[in-house]
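Trainee: Give me coordinates for this.
(one chain, ligands or ions: 1)
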Amino acid sequence: MDIFEKCYKEGGYLGIFRTVNDKYWTRPLLSTKPGTEMVFNGKKMIMWSINNYLGLAGNEEIKKVSLEACKEYSASAPMGSRMLTGNTVEHEALEERLAKYQNKKASILFNYGYLGVLGTLSALVHRSDTIVVDKLSHASMIDGTFLASGKFRFYKHNDMEDLDKQVHAAMEKNAGGVLIVTEGVFGMRGDLANLPDICDIKEKHGARLFLDDAHGCGVMGPNGKGTSEHFDVMDRVDVYFSTFAKSFAAIGGFTAGDEDVIRYIIYNARTHIFAKSLPMLYVKIINKTLDVIEQNPGIRKRLWEVATKLQKGLRELGFSLGNTQSPVTPVYVPAEPQVAKKIVAYMRDEQRVFVSGVMYPVVPKTVILLRLIPTAAHTDEQIEKTLAGFKNLRDAFKLQLDKVKI
Ligand SMILES: Cc1ncc(COP(=O)(O)O)c(C=O)c1O
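Mentor: Okay, the predicted model is just below:
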């Protein structure tokens, strides 16, 4: 059999979209510069689908630093992996700074968040160990769990009784250790991991906790340090991870923790050892972005103002936003799959509001989740226009909003 046979037929992950060469639901072609207004299919629309939480994409101060860095180092420096020829004083200084930012002793940089999660989990978890992971965690944690050579168990989403049961069973059955794995802010639904109870459970059993705070870092907590700061458990989270692809509006990620644990990851994470070093360009950009974040707490305040105004307006229109406790704004709309597509198209083409539609299996088959990501850069006028668009949607489709079951 020809190994390529599957490629000539429909099928595979997201294969139904491939066969029609879709550019509307998957891989939509958007204008290049990220912002609150972008062009899609020749039409300008209000953008609610990029994770530019703090509105720092295109920030002039950061842009200036990136231009200078590009002039000095181009995109190539440094060459080689950190292990061989790609380590620099600047990389190590940034790691030290990120560790301090998270009240940790050390940290390690990765080139993508996805590689950070994969590298961290597969380095820490060995054959006799077990990962106990929230069922609704991002694909990077699920893939990292499969890549690690240990055993694994899923626990029901944010269900503390089930978590306790799974950790207890893992401890009883295996000689190795247990790593609990969860998102801080769940990126699709906006709800928060119950970190105080998770910490209690892990301490009761002598397990450890890995927190992926991709949607919480820079956003949650009195100083924006994340979901662990929000719950006042920064010192109880053993391994903290975030990407730079969301509130930092860049690329890369980091894992922070105790000195020995991070040094172990440095010498064992294959996605770090066998990958070229994070370009100096990004080291400089992320350093500057941290300056901007730390010196301008007003940006985070504005993000929360936008989020609160948007969420309040949507609730007043009768839409259900589930249990979000973060800026992530999931609008649950009752609709069968065929109508669901028309709803997304109506919002984009008629109302000029770009939202992403999330369908089964993330939500039940009779529901579509329209996911909005507010940012500090959105204006009050854009919020008003968006709310008017949702009112039109509700009326045009005669949505029975009280019937939504999630
Ligand atoms: C929770 C979570 N973890 C990890 C990642 C991967 O990060 P990156 O895009 O930097 O690879 C994402 C990205 O969507 C995410 O949402």
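
Trainee: contacts, neighbours, all on C-alpha from now
Mentor: Fine.

Trainee: Now do the SS call for D402.
Mentor: Here D402 is recorded as helix under DSSP: H, G, I helix; E, B strand; the rest coil.

Trainee: Would you quantify the distance from it to the ligand?
Mentor: 30 Å (CA to the nearest ligand atom, to the nearest Å).

Trainee: now swap in N59 and tell me
Mentor: Distance, N59 to the ligand, by CA to the nearest ligand atom: 19 Å.

Trainee: next one: R208
Mentor: From R208 to the ligand the distance is 18 Å (CA to the nearest ligand atom).

Trainee: for T32, same thing?
Mentor: In this view, T32 and the ligand are 17 Å apart by CA to the nearest ligand atom.

Trainee: same check, this time on F244
Mentor: Counting by CA to the nearest ligand atom, the separation of F244 from the ligand is 6 Å.

Trainee: residue contacts, that residue?
Mentor: Y112, G113, A214, A250, I251, G252, G253, F254, I286 (CA atoms under 8 Å, 6 or more residues apart in numbering).

Trainee: My guess is the second one contacts F254. True?
Mentor: Spelled out, it's G113. Yes - counting by CA atoms under 8 Å, G113 touches F254, with 7.3 Å between them.

Trainee: a markdown table for the contacts of F244, including neighbour count?
Mentor: Listed next are the contacts of F244 as a markdown table, based on neighbours: other CA atoms under 10 Å:
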| residue | neighbour count |
| --- | --- |
| Y112 | 20 |
| G113 | 23 |
| A214 | 27 |
| A250 | 18 |
| I251 | 18 |
| G252 | 23 |
| G253 | 24 |
| F254 | 23 |
| I286 | 24 |
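
Trainee: farthest pair in those residues?
Mentor: Pairwise distances across those (CA to CA) peak at 15.0 Å, for the pair A214 and I286.

Trainee: follow-up on the earlier one: so for G113 and F254, which residues contact both of them?
Mentor: Joint contacts of G113 and F254 (CA under 8 Å, 6+ apart) are S242, T243, F244.

Trainee: Show the model's pLDDT score for K341.
Mentor: For K341, the pLDDT comes out at 87.

Trainee: Go through the contacts of F244 and name the one nearest the ligand.
Mentor: Checking the contacts of F244 against the ligand with CA to the nearest ligand atom, the nearest one is G113 at 3.3 Å.

Trainee: How about the contacts made by the closest one?
Mentor: S242, T243, F244, A245, I251, G252, G253, F254 are the contacts of G113 under CA under 8 Å, 6+ apart.

Trainee: To what extent is E90 buried, counted in neighbours?
Mentor: Residues lying near E90 (other CA atoms under 10 Å) number 13.

Trainee: My reading is that it lies in a helix. Confirm?
Mentor: Yes - E90: assigned to a helix according to three-state DSSP.

Trainee: Surely it touches V283?
Mentor: Yes - E90 is within contact range of V283, at 7.2 Å (criterion: CA under 8 Å).

Trainee: Close to the ligand: what parts of this structure are there?
Mentor: Counting by CA under 6 Å from any ligand atom, the chain comes close to the ligand at 112-114, 138, 140, 183, 187, 212, 214, 243, 245, 251-252.

Trainee: Quickly check those for the two that are furthest apart.
Mentor: E183 and I251 (18.8 Å).

Trainee: P330: which of the contacts of F244 is nearest?
Mentor: Relative to P330, the closest of these is A214; by CA to CA it sits at 16.9 Å.

Trainee: Are we agreed that the closest one is in a helix?
Mentor: No - the assignment for A214, made by three-state DSSP, is coil rather than a helix.

Trainee: Give me the pLDDT for it.
Mentor: 98.

Trainee: One more: the one 3 residues further on?
Mentor: In the prediction, the pLDDT value recorded for C217 is 98.

Trainee: thought it was touching N223?
Mentor: No - judged on CA under 8 Å, C217 makes no contact with N223 at a distance of 9.9 Å.

Trainee: Compare these two (neighbour count), which wins?
Mentor: Using other CA under 10 Å, the more surrounded residue of C217 and N223 is C217, with 28 against 15.

Trainee: In the stretch 301-406 of the chain, which residue sits closest to the ligand?
Mentor: The ligand sits closest to V328 of the stretch 301-406 of the chain, with a gap of 11.5 Å, by CA to the nearest ligand atom.

Trainee: Next, the contact list for that residue, please.
Mentor: Neighbour list for V328: G187, M188, R189, G190, A307, R371, L372, I373, P374 [criterion: CA under 8 Å, 6+ apart].

Trainee: what about it, distance to A250?
Mentor: To A250, V328 is 19 Å away according to CA to CA, to the nearest Å.

Trainee: Check W304 too.
Mentor: From W304 over to A250 the distance is 21 Å, taken as CA to CA.
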